[in-house]
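Visitor: Need a 3D model of the sequence below.
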Amino acid sequence: MVQLLTPTGTRRTDGDYADRVSHLGRTELETMYRDMALVRRFDAEATALQRHGELGLWPPSQGQEAAQVGSAHALSPQDFVFPSYREHGVARVRGLDLNTLLLLYRGQQHGGWDPFANNFATPSLVIGSHTLHATGYALGIQRDGDVGTGDPSRDRCVITYYGDGASSQGDVSEAMVFAASANAPVIFFCQNNQWAISVPTAVQSPGPIVDRGTGFGIPSIQVDGNDVLASYAVTAAAVERAHGGGGPTFIEAVTYRMGAHTTSDDPTRYRTAQEEESWRRLDPLERLRTHLEADGTGAEFFAELEQEADELGASARDFCRSLQSPAPESMFDHVYAGRHSLVEGERAWFHDYEAGFEEAE
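Guide: Take a look at the predicted model:
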């Protein structure tokens, strides 16, 4: 398993991937820490909003920030992301306003936005299905001739994120079959957070998750997902491979979901406090903070960041509570990119249906 930042915050300079992060100094790591800390604060605020009835559901990402932020920083602007429903850290790095995520979980809209503004697709609530979308998009990139040109502004790839539970879905296996067979420029980034809702990894997969990629003939690597440097390094290598026409890569990021699967879940029913505490000692934020402090980052940086995090939390609360109920007819908006005769017919029917109640009054 690739690890470049130990749990005690010591940076390693040996190993095959160390050169991938040699250019990352304290400034770059402070940026990554800032992303991780702000995402965690937003995540906590969204969880609280759901508990207060402001959101219908929320999938926490606490504990998985290093895997997401590190890998996202390794992407090029032209690379395209297909996330599941928990990639809040990737969304932030790609420049998406995190408040936008709240619209889906409040039931305010379908959860859509212009995916090409940030090259970040809408979250997939259907577990594993988006890996097929990612592979299809990657095949399009390949057929457009945007791999292996040697032009860093043109070569591009796709990365898709999902969990260890989703890796057992048939869609994921089918996606890897197509990706391997066509040598598609796609990265399968599996965050093994140890629990597929209430089923532990050891039950759903008798062998290492990383071997699933190998079984399809896809080069595979296991990384310490609580290590932001290692997550960056292995993703950077996979991006370089895909850009050059080398095909797909499978990455298993070993991490831990500190909170619930979603706010409808109670993890105390299936895991112990001892297990949670053992993983809490491997907290990715604490690991990076320890390293930064040893490298000279002062208390002022963390104090200013804490204030920024509080402001982000307040902004999320204000945004969420200021939302007004959408017009019922808005459900027909943005079903397709353009107008569609079937949808317009349904819109007209619904309009007449509502008007019938007004006439009855």
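
Visitor: residues contacting the closest residue to residue 87 other than its chain neighbours?
Guide: Spatially, and ignoring its direct neighbours in sequence, residue 87 is nearest to residue 161 (4.9 Å; C-beta to C-beta, 6 or more residues apart in numbering). Any C-beta I mention is one placed from the backbone N, CA and C, and that applies to glycine too. Contact analysis of residue 161 by C-beta atoms under 8 Å, 6 or more residues apart in numbering lists 68, 81-84, 86-87, 90, 189, 191.

Visitor: What strand or helix carries residue 161?
Guide: Using DSSP states H and E, residue 161 falls within strand 158-163.

Visitor: Give the partner strands of that strand in its sheet and their orientations.
Guide: If you go by DSSP bridges, strand 158-163 pairs up with strand 80-82 (parallel), strand 186-192 (parallel).

Visitor: Tell me which residues touch the residue nearest the centre of the chain, please.
Guide: In the chain, the C-alpha nearest the mean C-alpha coordinate belongs to residue 87, at 2.2 Å (C-alpha atoms, centre = their mean). By C-beta under 8 Å, 6+ apart, the contact list for residue 87 reads 61, 68, 81, 123, 161.

Visitor: Would you point out the most distant pair within those?
Guide: The most widely separated members of the contacts of residue 87 are 61 and 81, with 14.8 Å between them, by C-beta to C-beta.

Visitor: okay, the contacts of residue 161 in a markdown table with pLDDT and distance to residue 55 next?
Guide: What follows is the contacts of residue 161, written out as a markdown table (pLDDT from 0 to 100; distance: C-beta to C-beta, whole Å):
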| residue | pLDDT | distance to residue 55 |
| --- | --- | --- |
| 68 | 98 | 20 |
| 81 | 98 | 23 |
| 82 | 98 | 23 |
| 83 | 97 | 18 |
| 84 | 97 | 18 |
| 86 | 96 | 15 |
| 87 | 98 | 17 |
| 90 | 98 | 20 |
| 189 | 98 | 26 |
| 191 | 98 | 22 |
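
Visitor: Can you say which of those are buried?
Guide: With neighbours counted by 16 or more other C-beta atoms under 10 Å, the contacts of residue 161 contain buried members at 68, 81-84, 86-87, 90, 189, 191.

Visitor: okay, the residue lying closest to residue 295 once chain neighbours are set aside: pLDDT?
Guide: Residue nearest to residue 295 in three dimensions, not counting chain neighbours: residue 26, with 5.1 Å by C-beta to C-beta, 6+ apart. At residue 26, the model reports a pLDDT of 97.

Visitor: What ranges does the stretch 101-250 of the chain have for its strands?
Guide: Applying DSSP state E, counting those that start in this stretch to the stretch 101-250 of the chain gives strands spanning 158-163, 186-192, 195-196, 199-200, 220-224, 249-254.

Visitor: Now distance to residue 331 too, for the ones you listed, in CSV please.
Guide: Below are the strands of the stretch 101-250 of the chain laid out as CSV (distance: least, C-beta to C-beta, whole Å):
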stretch, distance to residue 331
strand 158-163, 28
strand 186-192, 32
strand 195-196, 32
strand 199-200, 34
strand 220-224, 41
strand 249-254, 36
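
Visitor: Of all those, which one is nearest residue 2?
Guide: strand 220-224 (4.5 Å).

Visitor: Tell me the gap between the closest one and the middle of its chain.
Guide: Remark: strand 220-224 is offset 17 Å from the chain centroid, using C-alpha atoms, centre = their mean, to the nearest Å.

Visitor: Run through who's touching that strand.
Guide: For strand 220-224, with C-beta under 8 Å, 6+ apart as the criterion, the contacting residues are 1-3, 67, 208-214, 230-231, 233-234, 237-238, 249-254.

Visitor: so where is this structure shaky, pLDDT-wise?
Guide: 111, 360-361 (pLDDT under 70).

Visitor: could you pull out the helices for it?
Guide: In the chain, the helices defined using DSSP state H lie at 26-51, 65-73, 88-93, 99-105, 130-143, 170-182, 201-204, 210-215, 228-243, 273-280, 284-295, 299-322, 341-360.

Visitor: right, so of those helices, which gets closest to residue 331?
Guide: Among the helices of the chain, if distance is taken as C-beta to C-beta, the winner is helix 341-360, at 8.2 Å.

Visitor: The residue nearest to residue 295 is in contact with residue 294, isn't it?
Guide: No. Using C-beta atoms under 8 Å, residue 26 makes no contact with residue 294, being 10.3 Å away.

Visitor: which residue packs closest to residue 8, ignoring adjacent ones?
Guide: Leaving aside its sequence neighbours, residue 8 sits nearest to residue 290 (C-beta to C-beta, 6+ apart; 6.8 Å).

Visitor: From residue 24, how far out is that neighbour?
Guide: According to C-beta to C-beta, to the nearest Å, residue 290 stands 16 Å off from residue 24.

Visitor: same check, this time on residue 64
Guide: Distance from residue 64 to residue 24, by C-beta to C-beta: 20 Å.

Visitor: Give me the more crowded residue out of these two.
Guide: A count of neighbours by other C-beta atoms under 10 Å puts residue 64 above the other of residue 64 and residue 24, at 31 against 18.
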